[in-house]
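Peer 1: The following block contains a protein sequence and its predicted model.
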Amino acid sequence: MKLKPFFKEIIGDWIVQKSIYFVKRRHEKHIKESVRIEHKGGSNLKIKFILKNRYNVLYKLNLYNNEILKENEHLILNYNCVKISKNVFKISFFIKDKNLIYKEYINLINPNLMVSICFVKNHYKYLSIVFNSYVKKIAKL
């Protein structure tokens with residue numbers, strides 16, 4: 001399967017700044033992490049979140065079967081990726097074991113900068129809103 005231009009441009013190493021707002025507690029948390037997005041042929045993208053002082057989380061995004069698999073192989077159900085405009089995508093899925101609905105809107109501003117907003121909710125209540133900025137790391141010469 002040939003990758004679409006949007007997915008080609010997001011391959012690489014990224015620095016991520018996250019601001020998570022927990023709705024019920026009215027509390028905000030800031031996180032800085034690194035993300036590696038790889039494509040090694042076929043229809044899979046590997047998305048690896050490298051968290052400081054924590055374990056690494058690996059997701060496998062299958063662009064052909066519309067599935068997301070966590071490293072421990074727990075399937076995330078009802079994965080959907082929709083192109084809203086040329087550089088904006090909406091990703092949504094249901095996390096079965098946590099009974100959560102996740103929606104993320106990703107805007108690729110240019111090949112080195114992305115922003116996204118995520119909404120996490122159970123069936124009727126928003127639990128958190130996440131703002132992300134992604135800056136691509138420049139390869140060292």
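Peer 2: Now that the structure is in, tell me what you want to look at.
Peer 1: Now do the helices in the protein.
Peer 2: Assigned by DSSP state H, the helices in the chain fall at 5-9.
Peer 1: just checking, what packs against the longest strand belonging to it?
Peer 2: Counting by DSSP state E, the longest strand found in the chain is strand 27-39. Strand 27-39 sits against strand 12-22, strand 44-50, with contacts defined as 3 or more Cβ pairs under 8 Å, 6 or more residues apart in numbering; DSSP states H and E. In short, each C-beta sits where N, CA and C put it, glycine included.
Peer 1: mean pLDDT lowest for which of those?
Peer 2: Mean pLDDT is lowest for strand 44-50 out of these, coming in at a mean of 61.
Peer 1: Count the residues that sit near the nearest residue to Tyr134 once chain neighbours are set aside.
Peer 2: Computed as Cβ to Cβ, 6 or more residues apart in numbering, the closest residue to Tyr134 that is not its neighbour in sequence is Met114, at 4.0 Å. Counted with other Cβ atoms under 10 Å, the neighbours of Met114 add up to 20.
Peer 1: isn't Met114 right next to Leu108, touching?
Peer 2: Yes. Proximity of Met114 to Leu108 meets the contact threshold set by Cβ atoms under 8 Å, at 5.2 Å.
Peer 1: Strand 12-22 and the longest strand of the chain, what's the angle between them?
Peer 2: 160 degrees (axes from the mean of the first three to the mean of the last three Cα atoms, to 10 degrees).
Peer 1: Now do the buried residues in strand 27-39.
Peer 2: Neighbour-count burial for strand 27-39 flags Glu33, Val35, Arg36, Ile37, His39 (criterion: 16 or more other Cβ atoms under 10 Å).
Peer 1: So in the chain, where's the weakest helix or strand by average pLDDT?
Peer 2: The weakest-scoring helix or strand in the chain, judged by mean pLDDT, DSSP states H and E, is strand 67-70 (a mean of 50).
Peer 1: tally of neighbours for the nearest residue in space to His123 that is not next to it in sequence?
Peer 2: Counting by Cβ to Cβ, 6+ apart, His123 lies nearest to Ile101, which is 7.2 Å off, once chain neighbours are set aside. Ile101 has 17 neighbours, counted by other Cβ under 10 Å.
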